[in-house]
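**Q** Quick check, what structure comes out for this input:
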Amino acid sequence: LDVGANLFIGNLDENVDERLLYDTFSAFGVMATTAKIARDPSSGVSKGYGFASYTDFESSDAAVESMNGQFLMNKAITVQYA
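**A** Predicted coordinates:
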């Protein structure tokens, strides 16, 4: 397990949920944990960013390279190391 293969995913559409994030990012390799989306504790509404963690840097590098600037539900997302 490569510690630090964690990605910050920003500019998410509020309708993107954890499952969509996981389904999108699991294509690049084995995910260390489920994808997480930051949500308002009281309303549960997405704050527009989330995180994905991989078991190795090859996968996280591929995800950054492939997904940074790509559109997910009509918004260009940012993907970078957390």
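**Q** Residue 80: neighbour count?
**A** 10 (other Cβ atoms under 10 Å). Just so you know, the C-beta spots here come from the backbone N, C-alpha and C atoms, and that holds for glycine as well.
**Q** Ok, residue 47 next?
**A** 12.
**Q** what comes up buried for the longest helix belonging to the chain?
**A** When the chain is parsed with DSSP state H, its longest helix is helix 57-67. Judged by neighbour count using 16 or more other Cβ atoms under 10 Å, the buried positions of helix 57-67 are 59-61, 63-64, 67.
**Q** can you check stretch 35-46 too?
**A** 35, 37, 39, 46.
**Q** Can you name the residues that contact the second one?
**A** Okay, so that is residue 37. 12, 16-18, 21, 46-47, 49-50 (Cβ atoms under 8 Å, 6 or more residues apart in numbering).
**Q** What subset of these is buried?
**A** 12, 16, 21, 46, 50.
**Q** Now the two most distant members of these.
**A** 21 and 46 (10.1 Å; Cβ to Cβ).
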